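1. Just need the structure, nothing else, for what follows:
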Amino acid sequence: MSGAYSSAVNQVQRLSYFKEGGWAYRLLSRRFFATLLWLIWAVPTSFFLLLQFSMYSRLEWLALAIAILVFWVTFSMSYRFLFTELKKPYTVTNLVITWARRISSLAMLAICIGLTWAFGNTESYGTLTEALAAKRIGIVEGSGSALVDVALRLLTFSDGLKAYLVSRFKDYAQAIPLVLLAVSALVVFYNAAATFSCFAIESKEYRRIFGPLTADDVPPPLSNDRVALISAAFTFVTLFIYLPLFGHVEDTMRRHPEVIATVKAVEKKVEQIDKDYYKPGTIEKIQTAKAVLLGKLNVSKATLDGQVNRAFALMEGSVDGYLDWYYSLSAEYMRLGKLLIGEIEGYMEEKLSEYLQKGDPSGEIERGIKAALSTHQAAMDEFQLAAKGILDSNRISTDGNTPAVSSYISLNDMMAMPIHADLVALDTRAAGSTVAAGIVGVVTGKIASKIIFKTAVKAVAKAATAKAVGTAAGAGIGFAIGSVVPVVGTVIGGLIGGVVGGVAMDAGLLKLEEAISREDFKKEILASIRHAQEEFKSKLFSQQ
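-> Numbering: from 1, shown residues only. Modelled structure (predicted):
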């Protein structure tokens with residue numbers, strides 16, 4: 001009615017530009033199509049609004065009640081302002097209700113956002129199915145009208161979709177849920193404002209809707225013929241168009257139950273894993289369980305990585321001790337002794353291995369691998385059990401019908417672990433302890449293969465020649481001592497001189513060698529340990 005009134009007033013204003021009797025005047029003075037368009041808009045939306053009101057919450061009813069006050073305040077303020085500015089009273093009324101419809105709708109949108117912010121409770125739904133089920137609580141299936149059933153299902157689908165989107169977006173921005181909840185109510189507020197406008201139109205102004213177009217301030221009363229024509233038209237539209245139309249739609253819905261079945265099938269989308277069907281969100285739940293598993297495996301991997309680093313750090317820390325031994329006279333004489341019996345190379349590797357094993361680096365790695373394997377297996381078992389529980393509780397029986405599949409994945413792909421989750425990738429799953437126990441030997445072998453280590457072995461033979469020179473010099477010292485003590489003194493002096501001279505010469509040469517080569521020797525040993533560490537970790541945490 002308010003739309004038809006606005007159309008009538010707007011036509012009067014447009015016709016003021018044209019002469020009566022012209023073709024443009026005759027064309028624009030027809031209101032049939034404008035009234036028909038408002039009728040087409042009013043009837044379906046009123047039907048859906050009536051159904052929607054049956055599902056309103058207390059907060060929504062409060063907002064609708066506030067809308068009455070907001071419309072009245074907006075209408076009153078607009079009327080006071082425009083009444084002093086416009087000449088024609090009907091123009092004032094038309095413009096005021098038009099402004100009031102728009103302004104009060106926007107004002108209610110802001111109020112609705114505020115109410116939702118303050119008192120609204122936005123539930124979280126993991127799937128659209130859950131949201132639909134929540135919105136259909138209290139809605140009775142089979143109302144007696146197939147049309148009402150379909151309309152209710154469409155409305156609850158709209159509400160459920162809105163609630164689902166709200167729950168999905170609320171983690172990204174707090175304002176998004178409010179906007180989604182409020183904007184959806186804008187159409188309701190606009191229609192409500194249009195309804196309130198009917199009460200703001202004076203009764204005599206309704207003559208403009210049903211009577212001939214006139215620019216008079218007060219439209220003339222309707223003639224009896226006009227009243228009879230309007231009554232006949234409304235009776236005809238109601239009894240022979242409106243009711244038969246709804247009856248035809250109702251009959252069509254009853255004769256085609258597949259319509260609502262199709263709506264249900266579209267709503268009830270499922271996920272397919274291999275040949276079985278599951279509730280929406282099943283794949284996401286399993287992926288979440290897999291993410292938890294990967295988190296545990298990553299923690300286990302980091303722990304094992306730290307233990308490996310500590311083990312090799314122990315070996316690096318033993319290098320200075322080994323070099324202190326290596327550049328000592330006792331070690332020098334032991335190497336000479338091993339040289340004489342042909343065991344010099346094995347002896348030097350054995351001593352290096354002995355020092356590298358201090359602090360039990362192999363045990364550190366062995367314990368780390370055992371713990372990682374145990375954690376890995378326990379986490380995998382837990383994931384397998386969780387995945388089975390999720391699948392069992394979310395499996396759907398389709399009763400021979402083919403549902404709408406929203407997503408598909410094979411069971412193997414869903415359960416497969418990414419490459420980085422393969423914590424212990426070399427054959428340590430069965431023999432990790434054995435590999436860990438032999439790591440010191442591997443490091444020793446790498447160091448022994450270095451040129452500087454082989455040069456150190458050869459240096460022992462050269463040292464033997466130097467000792468002969470030292471002994472000769474010692475004999476000279478002994479001869480000088482023996483000249484003072486004849487016969488016996490010469491023998492004893494030669495012995496003493498040989499020992500003193502040899503030791504002094506050995507000590508000097510060894511210090512010289514240490515000053516020249518110790519740092520290079522240490523760098524080579526550390527480089528071999530670190531290379532072995534990288535090689536071991538690349539196999540242990542394989543990315544291939």
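2. Tell me which helix or strand comes right after the helix-or-strand element of the chain with minimal mean pLDDT.
-> When each helix and strand of the chain is scored by mean pLDDT, DSSP states H and E, helix 428-437 comes last, with a mean of 49. Under the assignment DSSP states H and E, the closest C-terminal helix or strand after helix 428-437 is helix 439-448.
3. what comes into contact with that next one?
-> For helix 439-448, contacts defined as CB atoms under 8 Å, 6 or more residues apart in numbering pick out 311, 315, 345, 348-349, 352-353, 356-357, 361-362, 365, 453-454, 524-525, 528-529, 531-532, 536. (C-beta placed from N, C-alpha, C; glycine too.)
4. of these, buried ones?
-> Those of the contacts of helix 439-448 that meet the buried threshold are 311, 315, 348-349, 352-353, 356-357, 361-362, 365, 453, 524-525, 528-529, 532, 536, by 16 or more other CB atoms under 10 Å.
5. Helices of the stretch 201-350 of the chain, start to end?
-> Assigned by DSSP state H, counting those that start in this stretch, the helices in the stretch 201-350 of the chain fall at 207-210, 224-236, 243-255, 258-267, 282-317, 319-326, 329-340, 344-356.
6. Let's have those in a markdown table, adding distance to residue 58.
-> A markdown table is the format used below for the helices of the stretch 201-350 of the chain (distance: least, CB to CB, whole Å):
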| stretch | distance to residue 58 |
| --- | --- |
| helix 207-210 | 36 |
| helix 224-236 | 37 |
| helix 243-255 | 31 |
| helix 258-267 | 27 |
| helix 282-317 | 33 |
| helix 319-326 | 78 |
| helix 329-340 | 92 |
| helix 344-356 | 77 |
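7. got these as CSV, with mean pLDDT and distance to residue 72 columns?
-> Below are the helices of the stretch 201-350 of the chain laid out as CSV (pLDDT from 0 to 100; distance: least, CB to CB, whole Å):
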stretch, mean pLDDT, distance to residue 72
helix 207-210, 85, 22
helix 224-236, 87, 29
helix 243-255, 81, 33
helix 258-267, 64, 40
helix 282-317, 85, 49
helix 319-326, 86, 91
helix 329-340, 77, 106
helix 344-356, 82, 92
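8. which of those is buried the deepest?
-> helix 207-210 (a mean of 20; mean count of other CB atoms under 10 Å).
9. counting contacts, what elements does it pack onto?
-> helix 2-15, helix 224-236 (3 or more CB pairs under 8 Å, 6 or more residues apart in numbering; DSSP states H and E).
10. and the helix or strand harbouring residue 520, what's its mean pLDDT?
-> Using DSSP H and E, residue 520 sits within helix 488-540. The average pLDDT within helix 488-540 is 73.
11. swap in stretch 448-465?
-> Here the average pLDDT along stretch 448-465 is 63.
12. now swap in stretch 115-128 and tell me
-> Across stretch 115-128, the per-residue pLDDT values average to 67.
13. same thing with stretch 9-17?
-> Stretch 9-17 comes out at a mean pLDDT of 75.
14. Check stretch 364-376 too.
-> Across stretch 364-376, pLDDT averages out at 81.
15. Repeat that for stretch 60-76.
-> For stretch 60-76, the mean pLDDT works out to 89.
16. contact partners of it?
-> With CB under 8 Å, 6+ apart, stretch 60-76 has contacts from 56, 96-97, 99-100, 103-104, 107-108, 111-112, 115, 185, 188-189, 192-193, 196, 200.
17. Check those residues for burial and list the buried ones.
-> 96-97, 99-100, 103-104, 107-108, 111-112, 115, 185, 188-189, 192-193, 196, 200.
18. In strands, which of those residues appear?
-> Members of those lying in strands (criterion: DSSP state E): none.
19. Take those residues and keep only those in helices.
-> Taking DSSP state H as the definition of helices, those contribute 96-97, 99-100, 103-104, 107-108, 111-112, 115, 188-189, 192-193, 196, 200.
20. Show me the chain divided up by domain.
-> 2-268, 282-540 (automatic domain parsing).
21. sorry, back to before: adding distance to residue 44, write the helices and strands packed on helix 207-210 out as TSV.
-> Output for these, formatted as TSV (distance: least, CB to CB, whole Å):
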stretch	distance to residue 44
helix 2-15	14
helix 224-236	18
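22. Select, out of these, the one closest to residue 293.
-> Set against residue 293 and scored by CB to CB, the helices and strands packed on helix 207-210 come closest in helix 2-15, at 61.2 Å.
23. Pull out the CA atoms of that closest one and give them to me as CSV.
-> Output in CSV follows, covering the C-alpha atoms of helix 2-15 (Å, rounded to 0.1, in the frame of the first residue of the first chain):
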residue,chain,number,x,y,z
SER,A,2,2.8,2.4,0.8
GLY,A,3,4.5,1.5,-2.4
ALA,A,4,1.4,2.1,-4.4
TYR,A,5,0.9,5.5,-2.7
SER,A,6,4.4,6.6,-3.6
SER,A,7,3.9,5.5,-7.2
ALA,A,8,0.7,7.5,-7.4
VAL,A,9,2.3,10.7,-6.0
ASN,A,10,5.4,10.3,-8.2
GLN,A,11,3.1,9.9,-11.3
VAL,A,12,1.2,13.1,-10.4
GLN,A,13,4.5,14.9,-10.2
ARG,A,14,5.7,13.5,-13.5
LEU,A,15,2.4,14.3,-15.2
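24. That one - contacts with which helices or strands?
-> helix 23-28, helix 32-53, helix 89-119, helix 186-200, helix 207-210.
25. outside of the last one, which residues touch it?
-> I take that to be helix 207-210. Applying CB under 8 Å, 6+ apart, the external contacts of helix 207-210 come out as 1, 4-5, 8-9, 12, 90, 214, 219-222, 226-227, 230.
26. since we're on residue 407, how many residues are nearby?
-> Residue 407 has 14 neighbours, counted by other CB atoms under 10 Å.
27. Am I right that it sits in a helix?
-> No. Under DSSP: H, G, I helix; E, B strand; the rest coil, residue 407 sits outside any helix and is assigned strand.
28. you'd agree it is up against residue 282?
-> No. Taking CB atoms under 8 Å as the definition, residue 407 is not a contact partner of residue 282, at 9.5 Å.
29. Overlap in contacts, the two.
-> residue 271.
30. okay, now residue 89: neighbour count?
-> 13.
31. Local confidence estimate at it?
-> Reported pLDDT for residue 89: 86.
32. so what's it up against?
-> residue 217.
33. measure it to residue 111 for me?
-> Distance, residue 89 to residue 111, using CB to CB, to the nearest Å: 31 Å.
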